[in-house]
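Student: predicted structure and sequence below. I'll ask about it afterward.
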Amino acid sequence: MHDSRLLPLGLALTLVLVVAGCTSIPADALKLSPESLRDRQLQTRVFDTEEEAKILAACSALLQDLGFSIDESETRLGVLTGSKDRSALNAGQVAASVIIAVLTGVVTPVDKNQKMRVSIVCRPVGEEKKRTAVRVTFQRIVWNTYGQVTTQERIGDPAIYQEFFDKLSKALFLEAHEI
Amino acid sequence: MTTRDILTSSLIAVCVCVVGCATTQERLLESDKSQVALRSIQTRAFDTADKEKTLRTIMATLQDLGFVVDKADATLGSVTATKLDKYALRMTVTVRPRGQSQLLVRANAQYQLEPVVDPQPYQDFFAALEKAMFLAAHEVD
């Protein structure tokens, strides 16, 4: 900045932005977004069976195959949830932290643990409710070496959902139809 | 407008923001907010007696809104779900009968470490739920 008197102004504006960031719930948090239909298609497959319990059983076996533990289930509502804790160590991040520590003597935290969560919700669809829609959603939380949450996000990678449903349809001996 | 004016106005802006965001004041209002007012913000009645179907529709709506279902209980009529999107938003929705032909749906949300007491997010939620239920959500006193 050329004018030194502008520095306090810059600081004040920064403060305004920081303080404004602490406001409450984002306005669109509970609004249906334009992407919600696309997400639903990505996360849902329809199977030609009305045996919801059979699908849930296959899902729980599949979750175990994938290393998840089952946290909650409510077969009357077609719900199954699970989670797994894994390392979130990232070689690049650790290397950068080490370089910073060597150069400045300051130890910077790096990502350490992550909890990955999954929930599966089934529901009968079709005019005679003879088919079952299965929707799976994943999310994860990452903590750093100081125990602070660094990332909390939904997992939106289409390949993950595709792979999950490929495995589920193999386990069920049924074709997974897109919606 | 001189630099001094700009500085003064931005300082005033900071003060306004800080005051508006002050957690102590917010907490005071939160405890002031009567139970009845909060309950009516968080509750709607639907003209259906099908609890299980309503719970399933609530879960579908929550999933459409980007939530991951944490737990559900058909007997109790409750669903809890969490949305992670750089922030953590947790919601519990309960369903209970109101007379013979209606169900009361109550939702309460927690954003990060604060309860959500603003009516707008609840209106948004019930607007989405209405669409999925193919039924109107009635306000209750």
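Tutor: Sure thing, it's come through. On a predicted model such as this, the values are computed, not experimentally measured, just so you know. Residues are numbered from 1 along each chain as shown, chains lettered A, B, ... in the order given.
Student: next one: phi and psi at residue A:90?
Tutor: Summarising the backbone geometry of residue A:90 under the convention degrees, to the nearest 10, its torsions are phi -130, psi 120.
Student: could you check the pLDDT of it?
Tutor: According to the model's per-residue confidence, residue A:90 sits at a pLDDT of 87.
Student: and for it, nearest residue in space, chain neighbours not counted?
Tutor: residue A:111 (5.9 Å; C-beta to C-beta, 6 or more residues apart in numbering or on different chains). To be clear about C-beta, it is placed using only N, CA and C from the backbone, and glycine gets the same treatment.
Student: and if you look at residue A:113?
Tutor: For residue A:113, the nearest residue in space outside its immediate sequence neighbours is residue A:143; the separation is 4.8 Å by C-beta to C-beta, 6+ apart.
Student: how near is the spatially most central residue of chain B to residue B:107?
Tutor: If you average the C-alpha coordinates of chain B and look for the closest C-alpha using C-alpha atoms, centre = their mean, you land on residue B:122, 3.8 Å from that point. Plainly put, residue B:122 is 6 Å away from residue B:107 if you go by C-beta to C-beta, to the nearest Å.
Student: so what sits against both of those two?
Tutor: With contacts defined as C-beta atoms under 8 Å, 6 or more residues apart in numbering or on different chains, the residues shared by residue B:122 and residue B:107 are residue B:42.
Student: surely the residue nearest to residue A:113 touches residue A:86?
Tutor: No. In this structure, residue A:143 is not within contact of residue A:86 by C-beta atoms under 8 Å, at 11.5 Å.
Student: so these two - more neighbours on which side?
Tutor: More crowded of residue A:143 and residue A:86, by other C-beta atoms under 10 Å in any protein chain shown: residue A:143, with 19 against 12.
Student: which residues touch the more buried one?
Tutor: Contacts for residue A:143 (C-beta under 8 Å, 6+ apart) come out as A:88, A:111-114, A:149-150.
Student: before we move on, which element is residue 81 in?
Tutor: Because you didn't say which chain, this covers chain A. Element membership of residue A:81, judged by DSSP states H and E, is strand A:79-87.
Student: I was thinking of chain B, sorry if that wasn't clear
Tutor: Secondary structure from DSSP H and E places residue B:81 in strand B:78-84.
Student: what are the pairing partners of that strand, and which direction each?
Tutor: Pairing partners of strand B:78-84, with direction, according to DSSP bridges: strand B:68-73 (antiparallel), strand B:88-98 (antiparallel).
Student: and those strands as a markdown table, adding mean neighbour count and mean pLDDT?
Tutor: Compiled in a markdown table, the strands paired with strand B:78-84 are given as follows (neighbours: other C-beta atoms under 10 Å in any protein chain shown; pLDDT from 0 to 100):
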| stretch | mean neighbour count | mean pLDDT |
| --- | --- | --- |
| strand B:68-73 | 21 | 96 |
| strand B:88-98 | 18 | 96 |
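Student: name the nearest residue to residue B:44, ignoring sequence neighbours.
Tutor: Leaving out its chain neighbours, residue B:44 is closest to residue B:137 (C-beta to C-beta, 6+ apart), at 3.8 Å.
Student: swap in residue B:94?
Tutor: For residue B:94, the closest residue by C-beta to C-beta, 6+ apart turns out to be residue B:78, at 4.6 Å.
Student: again with residue B:124
Tutor: Take residue B:124 and drop its neighbours on the chain: the residue closest to it by C-beta to C-beta, 6+ apart is residue A:30, 4.1 Å away.
Student: for that neighbour, which residues are in contact?
Tutor: Taking C-beta under 8 Å, 6+ apart as the definition of contact, the neighbours of residue A:30 are B:65, B:109, B:121-122, B:124-125, B:128.
Student: in strands, which of those fall?
Tutor: Among these, the members falling in strands (DSSP state E) are residue B:109.
Student: on that earlier part again, my read is the residue nearest to residue B:124 is in a helix, agree?
Tutor: No. Per DSSP: H, G, I helix; E, B strand; the rest coil, residue A:30 lies outside any helix segment and is coil.
Student: which phi and psi values does it adopt?
Tutor: In terms of degrees, to the nearest 10, the main-chain angles of residue A:30 are phi -110, psi 20.
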